[in-house]
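# starting from these lines, generate the structure:
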Amino acid sequence: MGCNRGSLPRNIGTLAPEFTLRDADTGQTIDLRQYRGQVVLLNFWATWCPPCLEELPSLLDLHHRMPHLVILAISVDTDAAAYQQFLRDNHVDFIDVRDPAQTINHIYGTVQFPETYVIDPNGRLRRKFIGAQDWTSPEITQYLSALDTQK
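Residues are numbered from 1 along each chain as shown. The predicted structure is shown next:
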C-alpha cells in the first residue's frame, strides 16, 4: 500500500510557488503576488473533467458568499472556444485563466483535476484538496473564515 499524504502534501506550510501567467485568450496577466494579504483558493480544473463540473456550483456559491476570498481558477483546456463558451454558459464570475501548456499546475505538482490549494494571507500553502469538494460545507467555510481572520 502506497503513502498518500492527501490534503497534507510535503510542502504544506511553505511559501506557495509564485507565478505570473498570461491568459492564453484575453492576454490578462495574473501574478500570484498581487493577492498577498488575502486567502486564495488556487483551483486547477478543465471543462472536460466531470469532478470539476460537479464542484463548480458550490465553488460559485462560495464566491458569492465570501466575495473577499480570492478564487483563482486555472483551466488546462486546449480548446479556447469551448472554454470561453463554458464560462459564459455557467456564469463563471471569479478569476479564471486558461493555461493550455499546463505550466502552473506542473509547478504545483498537480496531475489530476480538480486540485485546489489554499494559500493563506502570508502566501503559505495551508491545505490541498484533491477531487471535487462541496465548497459550501461548514467545515470548509469555517476553515477559510478562520484563515482570513489570522491576517
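# check the secondary structure at the residue most central in space within the chain for me.
In the chain, the C-alpha nearest the mean C-alpha coordinate belongs to residue 43, at 1.6 Å (Cα atoms, centre = their mean). Put simply, residue 43 is strand when judged by DSSP: H, G, I helix; E, B strand; the rest coil.
# my guess is it contacts residue 72, does it?
Yes. Contact criterion Cβ atoms under 8 Å: residue 43 and residue 72 qualify, at 7.0 Å. The way it works is simple: take the backbone N, C-alpha and C, and place the C-beta from them, glycine included.
# tell me where this structure has strands.
For the chain, the strands defined by DSSP state E cover 20-22, 29-31, 40-45, 70-75, 95-98, 115-119, 125-130.
# nearest to residue 84, of these?
strand 95-98 (8.6 Å; Cβ to Cβ).
# follow-up on the earlier one: let me see the confidence value for the residue nearest to the centre of the chain.
What the model reports for residue 43 is a pLDDT of 98.
# list the contacts of residue 31.
Residue 31 is in contact with 18-21, counting by Cβ atoms under 8 Å, 6 or more residues apart in numbering.
# is it bridged to anything, and to what?
residue 20 (DSSP bridges).
# now residue 51. Nearest residue, chain neighbours left out?
Distances taken as Cβ to Cβ, 6 or more residues apart in numbering put residue 132 closest to residue 51, at 3.9 Å, once the chain neighbours are dropped.
# would you mind measuring from the one you found to residue 49?
For residue 132, the distance to residue 49 equals 9 Å [Cβ to Cβ, to the nearest Å].
# ok, now residue 112?
9 Å.
# for residue 76, same thing?
Relative to residue 49, and taking Cβ to Cβ, residue 76 is found at 9 Å.
# higher neighbour count, these two?
residue 76 (23 against 18; other Cβ atoms under 10 Å).
# how many other residues sit next to residue 90?
For residue 90, using other Cβ under 10 Å, the count is 13.
# how about it, nearest residue that isn't a chain neighbour?
residue 56 (6.3 Å).
# for that neighbour, the count of nearby residues, please.
Neighbours of residue 56 using other Cβ under 10 Å come to 20.
# close enough to count as contact, it and residue 91?
No. Judged on Cβ under 8 Å, residue 56 makes no contact with residue 91 at a distance of 10.1 Å.
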